[in-house]
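K.L.:
any chance you can model this:
(2 chains, ligands or ions: 2)
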Amino acid sequence: MSRAEPETAGSGTPEAARTPNPLWSLGLLRGELLITFRRWRTLALLGVLAAVPVLVGIAVKIETGDGPSGGGGEGPAFISQISNNGLFLVFTALAATLPFFLPMAVGVVAGDAIAGESSAGTLRYLLVAPAGRTRLLLTKYAAVMAFCLAATLVVAVSALAVGALLFPLGDLTTISGTRIGYAEGLGRALLIALVVAASLVGFAALGLFVSTLTGSGIGAMATTVGLLITVQILDQIPQLDALQPYFFSHYWLSFADLMREPVYWDDLVRNLGLQALYAAVFGSAAWARFTAKDITA
Amino acid sequence: MAGPSVTEPEPERADDAVISTRGLTKRYRGGQLAVDGLDLTVPAGSVFGFLGPNGSGKTTTIRMLMGLIGPTAGSARVLGRPMPHAARTVLPRVGALIEGPALYGFLSGRDNLLRYDEADPTADPRTRRERVAAALDRVGLAAAAGKKAKAYSLGMKQRLGLAAALLQPRRLLVLDEPTNGLDPQGMREIRTLVRELASDGTTVFLSSHLLDEIEQVCTHAAVMARGRLIIQGAVADLSAGARGRLVVTTPDAGEAARVLKEQGAGDVVIAEDRVTAEPPDRDPAEVNAALVAAGVRVRGFALERASLEDAFVALTGEGFDVAG
Ligand SMILES: Nc1ncnc2c1ncn2[C@@H]1O[C@H](COP(=O)(O)OP(=O)(O)OP(=O)(O)O)[C@@H](O)[C@H]1O
Ligand SMILES: [Mg+2]
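P.N.:
Ligands and ions are numbered 1, 2, ... in the order given. Sure thing, here's the model as predicted:
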């Protein structure tokens, strides 16, 4: 080890010279985003999500190769219209990934957020840095939400690219039968992507809460994804229809209402309200748990 | 003694104690009483050895001091302010290595330090890279800074953990078994580093179960056993509590014992060809001369310095073993 460096030698009264700038707090968020998106696991999840539109696009292309506009009504929303307009692949891909692939990816990232740091032991060093428990939790939640957005955009952009490559583009017909221009269609696609990303916010908060309950990253990820599957199954059972409006996934597919003319807002608003409720409830629960927790790992 | 009124902001106390705890107690959720009524005082500027066998509650105490776990009872002050309440103002001035290093394996050593530095809201991002480079240099990792941390050896990880504690000038450094996994060269370097930091005015709180390690660098020490504090004070005073012993090696053990008693030595013990005794209050040279004059064939004659271990055994009447 070399001789003492003057900057770190700790002579005099070091703390007197430090006047922290509130903006410095954001350094943690920057680092958190870097770490999230540099992980091999994150990239693999995004890769899987990017592959879904490719598969759907190719399948549709093969299916409709011999006869144009084969009107088979089965499969995810909008799938029958893709061969007429590639932009519909964006809506189809989002409708296909939203029930499971997208939230699963979010569940992995959210479940690992605190528990992963805990099982690696890095949590104690972040806390003695001191990151501050509330600040760390907020940073983690912000990073998970950034991942929700990134994951949705990956699906949308991949679908847009595949759609443009394999199918014609142009004006499109809304669910209500009116026609809108391609530029407006693109605008709606972006809006839909944002709504889909926002649909994941409640589940992300639930995952973060699970993450504060355990010291095992794998355990938290598995629990979160397990909850997703359970809720998705319960949402299909007719006898539970009194409860179903409170399931975080119940209004997920309402994003299709953005393709109506005029837009049908009721379910969209219900969905966003429900997400905000989940974020508030489980965000508070995560905060209460995490700020009172003994960190022994 | 009346406590301070609740509404008054806690004043920063005079600098005499960097750490002080009163009745600090921790019972884990499983029911294990890990720390029991600890009254610890670490004077400013000391190199303080926190000593105890495995499971005696050292790490538990450090976790409470760093605000990672809440005490079941009692209170702790670090840098004159209550923990964990004042963690935000206290911890930026404290560097810590707790229960070994923990790193992001997929990041390089340098990126690990950048990450930990970003976590400190009082760390200036404009000097971040320089400070990280200086810390890496200081622990001798400059050459391996770009390597992924998962490819580090145990000792390299330990050094990186130490570098994280040195990212800023600190008033207190808390090192939980810092020499774990280090080669003898690394251990020596740590000791040099600790002395260097201490001479800069940083208080160093060093936990260890290696007695001689503590003896070599520490000015003060405290001994824990089964969650209780057995003794604390200056190292010189502690080992003075147990006096050194006179050791005579000779084939004429019986005769030697007789002469030693005659010379005023107490507690004479014969073990084969070794006779040990509490040294009498006279010049050892005279004692040796008396032995030789009595025809004892003296092969070895030594005054063994009392070690902390002797002090420990003298204090507790026990060995340095793990408590259940
Ligand atoms: N997370 C925990 N939950 C329950 N009991 C614990 C926990 N951590 C430690 N203990 C118990 O508390 C006691 C003190 O443990 P601690 O880790 O503080 O010892 P230590 O002095 O640091 O030992 P070592 O020298 O081995 O590091 C032990 O009996 C241990 O079993
Ligand atoms: Mg320990």
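
K.L.:
need the per-residue pLDDT for residue 138.
P.N.:
No chain was given, so I picked chain A. Per-residue confidence (pLDDT) for residue A:138: 94.

K.L.:
please go with chain B instead
P.N.:
Taking residue B:138 on its own, its pLDDT is 89.

K.L.:
pretty sure it contacts residue B:167?
P.N.:
No. Using Cβ atoms under 8 Å, residue B:138 is not in contact with residue B:167, being 10.1 Å away. For glycine as for every other residue, the C-beta is placed from the backbone atoms N, C-alpha and C.

K.L.:
neighbours around residue A:187, how many?
P.N.:
When neighbours are counted by other Cβ atoms under 10 Å in any protein chain shown, residue A:187 registers 12.

K.L.:
make that residue B:30, sorry
P.N.:
Residue B:30 has 6 neighbours, counted by other Cβ under 10 Å.

K.L.:
pull the contacting residues for the residue of the stretch 101-250 of chain A found nearest ligand 1.
P.N.:
Residue nearest to ligand 1 within the stretch 101-250 of chain A (Cβ to the nearest ligand atom): residue A:215, separated by 9.4 Å. Counting by Cβ atoms under 8 Å, 6 or more residues apart in numbering or on different chains, residue A:215 touches A:115, A:118, A:119, A:297.

K.L.:
in CSV, list the residues you listed along with secondary structure.
P.N.:
Shown next, in CSV, are these (DSSP: H, G, I helix; E, B strand; the rest coil):
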residue, secondary structure
A:115, helix
A:118, helix
A:119, helix
A:297, coil
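
K.L.:
any idea which of the residues you listed the model trusts least?
P.N.:
Among these, residue A:297 has the weakest pLDDT, 78.

K.L.:
give the contact list for it.
P.N.:
Counting by Cβ under 8 Å, 6+ apart, residue A:297 has contacts A:118, A:119, A:121, A:123, A:124, A:215.

K.L.:
again, only using 6 Å
P.N.:
Residue A:297 sits next to A:118, A:121, A:215 when contact means Cβ atoms under 6 Å, 6 or more residues apart in numbering or on different chains.

K.L.:
equivalent analysis for residue B:26, please.
P.N.:
Residue B:26 makes contact with B:34, B:35, B:60, B:71, B:72, according to Cβ under 6 Å, 6+ apart.

K.L.:
quick check: pLDDT value at it.
P.N.:
The model reports residue B:26 with a pLDDT of 93.

K.L.:
now it, what's its secondary structure?
P.N.:
strand.

K.L.:
look up phi and psi at the residue lying closest to it once chain neighbours are set aside.
P.N.:
Leaving aside its sequence neighbours, residue B:26 sits nearest to residue B:35 (Cβ to Cβ, 6 or more residues apart in numbering or on different chains; 4.4 Å). When read as degrees, to the nearest 10, the backbone of residue B:35 gives phi -130, psi 130.

K.L.:
how close does residue B:281 get to residue B:287?
P.N.:
11 Å (Cβ to Cβ, to the nearest Å).

K.L.:
in which helix or strand does residue A:110 reside?
P.N.:
helix A:101-120 (DSSP states H and E).
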